[in-house]
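Q: Coordinates for the following, if possible.
(chains A and B)
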Amino acid sequence: MSRYVFLFDLDSTITREEIFPAISKELGLTEKLRALSRNNIWGEIPYKQRFLQGVELFKEFPISEMCKKIGEIALNEKLAEFIRNNQDRCYIVTNILDVWLEELAAKLRMERNLFCSKALVKNDYIEEVFSIVDKNAVISQMVLPFVAVGDGNNDAEMIEAAEIGIGYGGVHDIAPAVLASASHVVYQEDKLVEFLERLV
Amino acid sequence: MAVSRTVIISCAGMGNRLGLGSTKALVDIDGKPLIIRHLEMLEEERDIRVVVGYQAEKVIDVVRKYREDILFVFNRRYRETGTGASVALAARYANQYVLSLDGDLLVHPEDMEKILACDHEFISGGVPGTDDPWMLQTYEENGREYVSSFSKNIGTYEWNGVTQMKSQKMQNGTGHVFQMLEPYLPVPFLELRTREIDTVNDYERAVAWVKNKFH
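A: Have a look, this model is predicted:
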C-alpha cells in the first residue's frame, strides 16, 4: 500500500460540467456571468478578483438554494466512487465556498476533507467572503507525498509539486500551465480511475 | 491466457537527424503518422502509455484523434536523458509486464502479432540494417535462443529496442534501454522485422518498405 494522499480539484475534474456556468443557467444569470468574462476580455485578472466578482453575482440567492443546486451537479461517477472508497486519503482543493459545498461534499463523503474558501453567513445569505483558499499554501502544508489531479491553470502548481501530478481532460481541455507541469495526462475517466487505483 | 501487460511507446525525443522539426513518432509514413501505425496494431491492448516530451501537445493531439484511452507520461528531461528514462517513468504503476516500443520504429504487422502473443520476457533484434547498430549476442539452449550480451561489434542480430520485461525490472534508468536490461541477461530472444527511422535514408527505406507491403 502506498502512502499517497490524493488531492483533487473539484470543478470539471470531479464534476462533469463547470459548476457556475451550469447553475447560472438555472438561476437566469448566464448573461451576467458572460458579461463578467467579457469585461475581463482585454486582460486576465487574477483569480482572487474573479472569484470575488463571481460571489457577488450569486450571493443574492439563499445559501440553501446554492447548496442544493451545486449538490445536484452531475459528477464523474467512477471518480466519485474512487473518492468515497478512499475517503481517508482523498481531499478536495477548491476555491468554492464551504457553505455552498455542504451537499456536494456529503455526496462525496468529503465533509471533513475540504480545502476551500470560507464566508461569513447571516440568515442563509453570504455576508462576506473572509478567506479564499490558496492552493499553493495547501501544498506547502503537505508532509506526505501526494498525488494531485486537476485541469485548470490554478491547479498547475499543485500538480507540479505532486509526486504524481495528473492533468485530466475528460470534461474540457487541459490548461496550458497544467500541460507544462503534469507528470501524466489522461482524457478518459475510466483510464484516470484505473491509474489512480494503481496508486492506492 | 492473455498476459497482464502495459504497452509503452516512447515518443519523447526530437527528430533532429531527420530535419523534421517534429518528434519522429509523428513522421508521415505513406499517409499516416508512425505513431498511428503503432496504435492500429495495438487495437486489442487495453493499457497503452505514450511517453511524450518534445512537442508533447502535438503528439497528444494526433494520438487522441485516433484513440482516447491512453495514459500520457511526460519525460520532462528528454533533452538530457535516453529512452531508458522514458521507459522507467512509464513502467511505474504498470501491469505485470511492460512491452516497450520506440516511437521511431516500424514493426512488420505480422511480427507485431508475434509480439502480442508472447507471454514471457524477451529482447528482440533483427537483421542488421542501420549505420550505427548495437548488436545482440545470442546462444541456443534446449532449442531456444537467448540474448547473452549487447555489444558494439559482436553479434548476429541488431538490437531494435523492442522488449517485454517484468515491469518491476524496468523502473530505474536514465540512459539506454539496453543498459536497464543488462543486469537481467540472459533473456529469451525474439527475431523481428523492423525498420528504425533515424536518418533521412532510414526514412526513405521505411516508406518504401510500407509501400511495398513490407517486402
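Q: can I assume B:Ser148 sits in a helix?
A: No: per DSSP: H, G, I helix; E, B strand; the rest coil, B:Ser148 lies outside any helix segment and is strand.
Q: so it makes contact with B:Glu141?
A: No: assessed by Cβ atoms under 8 Å, B:Ser148 is found out of contact with B:Glu141, at 10.2 Å. Where C-beta positions appear, they are placed from N, C-alpha and C, glycine not excepted.
Q: of the two, who's got more company?
A: A direct count of neighbours by other Cβ atoms under 10 Å in any protein chain shown for B:Ser148 and B:Glu141 places B:Ser148 higher, at 15 against 8.
Q: Spit out the contact partners of that one.
A: B:Ser148 makes contact with B:Gln137, B:Thr138, B:Tyr139, B:Leu185, B:Pro186, according to Cβ atoms under 8 Å, 6 or more residues apart in numbering or on different chains.
Q: Go through the residues you listed and flag which are in strands.
A: The members of the contacts of B:Ser148 that map onto strands under DSSP state E are B:Gln137, B:Thr138, B:Tyr139.
Q: is it possible to export these to CSV including distance to chain A?
A: Below are the ones in strands among the contacts of B:Ser148 laid out as CSV (distance: Cβ to the nearest Cβ, whole Å):
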residue, distance to chain A
B:Gln137, 36
B:Thr138, 35
B:Tyr139, 37
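Q: Return the residues of chain B in contact with chain A.
A: Selection of chain B residues close to chain A by Cβ under 8 Å from any Cβ of the partner chain yields B:47, B:56-57, B:60, B:64, B:68-74, B:89, B:93-94.
Q: now, which of these lie within helices?
A: B:Ala56, B:Glu57, B:Ile60, B:Arg64, B:Leu89 (DSSP state H).
Q: quick one: the fourth one from B:Ile70, how far?
A: With the distance defined as Cβ to Cβ, to the nearest Å, B:Arg64 ends up 7 Å from B:Ile70.
Q: which residues are common contacts for the two?
A: Common contacts of B:Arg64 and B:Ile70 (Cβ under 8 Å, 6+ apart): A:Tyr187.
Q: With neighbour numbers in mind, choose between the two.
A: Shown here are B:Arg64 and B:Ile70; by other Cβ under 10 Å, B:Ile70 has more neighbours (22 against 15).
Q: ok so A:Leu57 is a strand residue?
A: No: assessed with three-state DSSP, A:Leu57 is helix; it does not lie in a strand.
Q: What is the burial count for it?
A: 16.
Q: List the contacts of it.
A: Shown in contact with A:Leu57 (Cβ under 8 Å, 6+ apart): A:Ser24, A:Leu29, A:Lys32, A:Leu33, A:Leu36.
Q: Read off the pLDDT value for the residue of chain B most remote from its centre.
A: Centroid-distance maximum for chain B: B:Asn142 at 28.1 Å, with Cα atoms, centre = their mean. As predicted, B:Asn142 sits at a pLDDT of 92.
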